[in-house]
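K.L.:
Could you look at this predicted model? Sequence included:
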Amino acid sequence: MIFPTILVFCIVLAVGYGQVLGSPEYCTDLIPQSNVTVHKLFGTWFGVEVITHKDRVTGERPSSDCIYVVISGITYEMATARPPENSREIVTQFGKAPISNPMKDYRYLRLEWTELDEKVEYILRYNISRSGFWLSSAPHERDHFGDKPSYSDFSGIIQVIVETDNHLVLTFCETIPKRQLFSIILTRHSNSIPMDLIKSIHDKLRNRNLQNIAYRPVCAGVDLIHGSYFLAITIALVFAIQ
């Protein structure tokens, strides 16, 4: 009777584990943009708004803190701290046999998130067939980036929801170190996203079954949103006077 009991326990555990990972709150495939021209994303982006999809606190929480995101391409060796896999064959007891690199279709990225005096570095990889779906790819050595690496042990997925020349929307599903699900709206130039565009991005996130629970306009986003309100009030007063 011990074996059936263990079998039932394993099935229950597997089902529960699958439900957690497959739930809408956890790393669901959001059907990101597939043909992202990744090299066009390289460089600095300015944060406009952080949207939390899983939080006990709701509503808008403006912040004067600024967020800067820098995206760059890195090599396999930089991402993994391993030597390049140039060998085309291995020696076995039966002689030489050809090998293929299972990671040959992957490319690697570094995403640096700077907020106040803190910088978090994400090491990511993506398959060239799905360039908008980025997976965490940690270095094998903790000291790969120096004595005090800024790497945060991020484990999860980043998906490119919107990509244009002027703005970018990324959704982070983080399992380690914290269970978080959030999106960030980024722009190439500060104060360059109008309110109607931000609202349309909110709608796109909802269409992907992401609940927009809490909004945190940051730096440029705070100035832009507040400026839009003041502009609307000014226009209303002008028409009222007329």
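P.N.:
Looks like it arrived, so ask away.
K.L.:
close enough to count as contact, T44 and V70?
P.N.:
Yes. Between T44 and V70 there is a contact at 5.2 Å, judged by Cβ atoms under 8 Å. C-betas here are computed from N, CA, C, even on glycine.
K.L.:
All the helices of the protein, in order from the start?
P.N.:
Assigned by DSSP state H, the chain shows helices spanning 2-22, 76-80, 195-207, 220-241.
K.L.:
Output the contacting helices and strands for the third one.
P.N.:
The contact analysis (3 or more Cβ pairs under 8 Å, 6 or more residues apart in numbering; DSSP states H and E) places helix 195-207 against strand 43-52, strand 155-163, strand 167-176, strand 180-187, helix 220-241.
K.L.:
ranking those by mean pLDDT, which is last?
P.N.:
When the helices and strands packed on helix 195-207 are compared on average pLDDT, helix 220-241 comes out lowest at a mean of 43.
K.L.:
Give me the distance between R188 and T44.
P.N.:
Applying Cβ to Cβ, to the nearest Å, the value for R188 to T44 is 8 Å.
K.L.:
E60 against P217, yeah?
P.N.:
Yes. With contact defined as Cβ under 8 Å, E60 and P217 form a contacting pair (7.0 Å).
K.L.:
Which one's more surrounded, the two?
P.N.:
Each of E60 and P217 has its neighbours counted (other Cβ atoms under 10 Å); P217 has more, 23 against 10.
K.L.:
C27: what's it in contact with?
P.N.:
The contact partners of C27, taken as Cβ atoms under 8 Å, 6 or more residues apart in numbering, are L21, G156, I157, C173, T175.
K.L.:
what would those look like in a markdown table with neighbour count and distance to E115?
P.N.:
As requested, the contacts of C27 are arranged in a markdown table below (neighbours: other Cβ atoms under 10 Å; distance: Cβ to Cβ, whole Å):
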| residue | neighbour count | distance to E115 |
| --- | --- | --- |
| L21 | 12 | 28 |
| G156 | 20 | 18 |
| I157 | 20 | 21 |
| C173 | 22 | 19 |
| T175 | 17 | 21 |
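K.L.:
Relative to N212, which of these is nearest.
P.N.:
Within the set of the contacts of C27, C173 lies nearest N212; the separation is 15.4 Å, counting by Cβ to Cβ.
K.L.:
Find the nearest non-adjacent residue to that closest one, please.
P.N.:
C27 (4.1 Å; Cβ to Cβ, 6 or more residues apart in numbering).
K.L.:
Relative to T44, how far out is that neighbour?
P.N.:
Distance check for C27 against T44: by Cβ to Cβ, it reads 27 Å.
K.L.:
do the same with G73
P.N.:
For G73, the distance to T44 (Cβ to Cβ) stands at 14 Å.
K.L.:
Can you pull out the low-pLDDT segments for this structure?
P.N.:
Low-confidence segments of the chain, defined by pLDDT under 70, span residues 1-26, 82-102, 138-153, 177, 191, 220-242.
K.L.:
swap the cut-off to 90 and go again
P.N.:
Low-confidence segments of the chain, defined by pLDDT under 90: 1-28, 34-35, 54-59, 61, 76-104, 116-121, 136-156, 174-180, 189-193, 219-242.
K.L.:
Count the neighbours of I74 for me.
P.N.:
The criterion is other Cβ under 10 Å. On that basis, I74 has 16 neighbouring residues.
K.L.:
Thought Y108 was touching it, still the case?
P.N.:
Yes. Taking Cβ under 8 Å as the definition, I74 is a contact partner of Y108 at 4.9 Å.
K.L.:
joint contacts of those two?
P.N.:
Looking at what touches both I74 and Y108 (by Cβ under 8 Å, 6+ apart), the common residues are I123.
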